[in-house]
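K.L.:
Generate a structure from the sequence data that follows.
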Amino acid sequence: MTSQVVDRRSSRPPGGQRSSMMLERLPTKLLYVEDDDDLRDMIAGTFIDAGFDVTPVSSAESALEELRQSHFDIVVTDYNLTGKTGAWLLQQAAAQGCLEGTVAIVLTSESKPAGVEGYRVLRKPIDFGILLSTIAEAVGRILPAAVVSVGSARPAELELALYVTSTSQESHKAIRNVHRALKRFDASRFRLTIIDVANGGDDAWYQSLEEDRVIVTPTLVKQKPGPKTWIVGTFSPNDALEELLESVLGEPNGG
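P.N.:
Numbers count the residues shown, from 1 in each chain. A predicted model of the protein is given here:
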């Protein structure tokens, strides 16, 4: 089975041109549905440690209400829940237009779960690394365009470029960790540009890559204010990233 992914963003233009767009935030909001309290707390904590903004709920009915109230990038739901099933949740959410642009993943121990055709189904017990890579692969299909900007649409106090490879789980970890660090600051003060190097580009694009002296991905480049600074890796732990942000933007909101 394959994930149901609705991509509301523009497709990549022909001829190697790099499309660009502004996003209010990166796709990290995850709704986790599990009726076992201990399991829900443990797995939700692991998702949080992986960099996601997690809303854990105990029932399909509660999950549907959450989806009605706000957009989630990812829904991970158990199939057999107390009361309504995960299949009921996805059917109702889809019928009400609550899954547009949302990746849905179903966890089950059943060999042939009914009612979840067209969604990604993973058999329990599941290696958590496989679950994260499944999420990263699906989210990668709704994130880049080749160039994505987050934060200020105008010149900002702090301008960052994050070079990633959209097919890499390490790059998705870096995206999540940068998002988690930046969300504590006023978005009007910074601009983050994410450049996916997976498919190359035109001569001007390669020139910018050369100017930023990027050798491996993921690499974060502080372009403004100068001098340029580089951080390589997934930013976990993110002490160097936090030091870079605070050196320009000061203490974060509420800090």
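K.L.:
all contacts plus neighbour counts: C-alpha atoms, from now on.
P.N.:
Will do.
K.L.:
so how far is Arg213 from the residue of the chain most remote from its centre?
P.N.:
Going by C-alpha atoms, centre = their mean, the residue of the chain most distant from its centre is Gly83, 30.0 Å out. According to C-alpha to C-alpha, to the nearest Å, Gly83 and Arg213 sit 55 Å apart.
K.L.:
Also Leu220?
P.N.:
11 Å.
K.L.:
out of those two, which sits in the busier spot?
P.N.:
Higher neighbour count among Leu220 and Arg213: Leu220, with 27 against 12, using other C-alpha atoms under 10 Å.
K.L.:
give me the element the more buried one is part of.
P.N.:
In the assignment (DSSP states H and E), Leu220 maps to strand 219-224.
K.L.:
just Leu245 next, same as before
P.N.:
helix 239-249.
K.L.:
Low-confidence stretches in the chain?
P.N.:
Within the chain, the ranges that satisfy pLDDT under 70 run 1-26, 140-147, 254-255.
K.L.:
Let me see the ranges of the strands in it.
P.N.:
For the chain, the strands defined by DSSP state E occupy 20-23, 29-33, 53-57, 74-78, 103-108, 120-123, 147-151, 158-164, 190-196, 219-224, 229-232.
K.L.:
Name the strands paired with the third one and say parallel or antiparallel.
P.N.:
On the basis of DSSP bridges, the sheet neighbours of strand 53-57 come out as strand 29-33 (parallel).
K.L.:
One more: the fifth one?
P.N.:
Pairing partners of strand 103-108, with direction, according to DSSP bridges: strand 74-78 (parallel), strand 120-123 (parallel).
K.L.:
With respect to burial, which of those strands scores highest?
P.N.:
strand 74-78 (a mean of 24; mean count of other C-alpha atoms under 10 Å).
K.L.:
can I get the CA coordinates of that one in CSV?
P.N.:
Extracted in CSV, the C-alpha atoms of strand 74-78 (Å, rounded to 0.1, in the frame of the first residue of the first chain):
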residue,chain,number,x,y,z
ILE,A,74,1.3,13.8,9.6
VAL,A,75,-1.2,11.5,11.2
VAL,A,76,0.0,8.3,12.8
THR,A,77,-2.8,6.1,14.1
ASP,A,78,-3.3,2.7,15.6
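K.L.:
Could you measure from Arg189 over to Lys183?
P.N.:
The gap separating Arg189 from Lys183 is 11 Å, by C-alpha to C-alpha.
K.L.:
Then Thr193?
P.N.:
Taking C-alpha to C-alpha, one finds Thr193 at 15 Å from Lys183.
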